[in-house]
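Colleague: I would like to see how this sequence folds:
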Amino acid sequence: MSVDIDWSAFLQVFLAALIGACAVVTFYSLGLRLLVRSGRAPVVSPAEFTDAITVITEKELRRAAKQAAKAAKKSPLTEAQRRVALLGAYGCFGLCAVAVVAGILIIVVGH
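Modeller: Numbering: from 1, shown residues only. From the prediction side, this is the model:
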């Protein structure tokens, strides 16, 4: 019994996965960066977890929100530039969602 491997198909799948992963990570990080530049820094409220996960206190959450608001006031961007940055962030997040959904559809539906 002999097993033949189609190395060109293997290389195509490897490159598609690598490029797709890099694109999703790049657009997500760019989206976060633009979201912060638009003055809407994501602040996550504390949650209850067990063991190894460190949870911030309410005081630390208020301090982080205060620092984010202070940084938003000091932004050198005009209101129009902030709006463009926010739209760019939403666009980047949208591209991430489209890439993930397209990948799932390719897996489920086929070619």
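Colleague: tally of neighbours for Cys92?
Modeller: Burial of Cys92, expressed as a neighbour count using other Cβ atoms under 10 Å, amounts to 20. In this view, the C-beta of every residue, glycine as well, is placed from N, C-alpha and C.
Colleague: meant to ask about Gln81
Modeller: 13.
Colleague: the most centrally placed residue in the chain: which element?
Modeller: Centroid-nearest residue in the chain, with Cα atoms, centre = their mean: Tyr28, separated by 2.7 Å. In this assignment (DSSP states H and E), Tyr28 forms part of helix 7-37.
Colleague: need the next SSE after that helix, C-terminal direction.
Modeller: Per DSSP H and E, the helix or strand that comes after helix 7-37 is helix 58-73.
Colleague: and the angle from that following helix to helix 7-37?
Modeller: Using axes from the mean of the first three to the mean of the last three Cα atoms, to 10 degrees, the direction of helix 58-73 lies 80 degrees away from that of helix 7-37.
Colleague: convert the C-alpha atoms of helix 58-73 to CSV, please.
Modeller: Only the C-alpha atoms of helix 58-73 are listed here, as CSV (Å, rounded to 0.1, in the frame of the first residue of the first chain):
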residue,chain,number,x,y,z
GLU,A,58,-13.6,48.3,40.7
LYS,A,59,-11.1,51.0,41.7
GLU,A,60,-8.7,50.0,39.0
LEU,A,61,-11.5,49.9,36.5
ARG,A,62,-12.6,53.5,37.4
ARG,A,63,-8.9,54.6,37.1
ALA,A,64,-8.6,53.0,33.7
ALA,A,65,-11.8,54.6,32.5
LYS,A,66,-10.7,58.0,33.8
GLN,A,67,-7.3,57.6,32.1
ALA,A,68,-9.0,56.7,28.8
ALA,A,69,-11.3,59.7,29.1
LYS,A,70,-8.3,62.0,29.8
ALA,A,71,-6.4,60.6,26.9
ALA,A,72,-9.4,61.1,24.6
LYS,A,73,-9.6,64.8,25.6
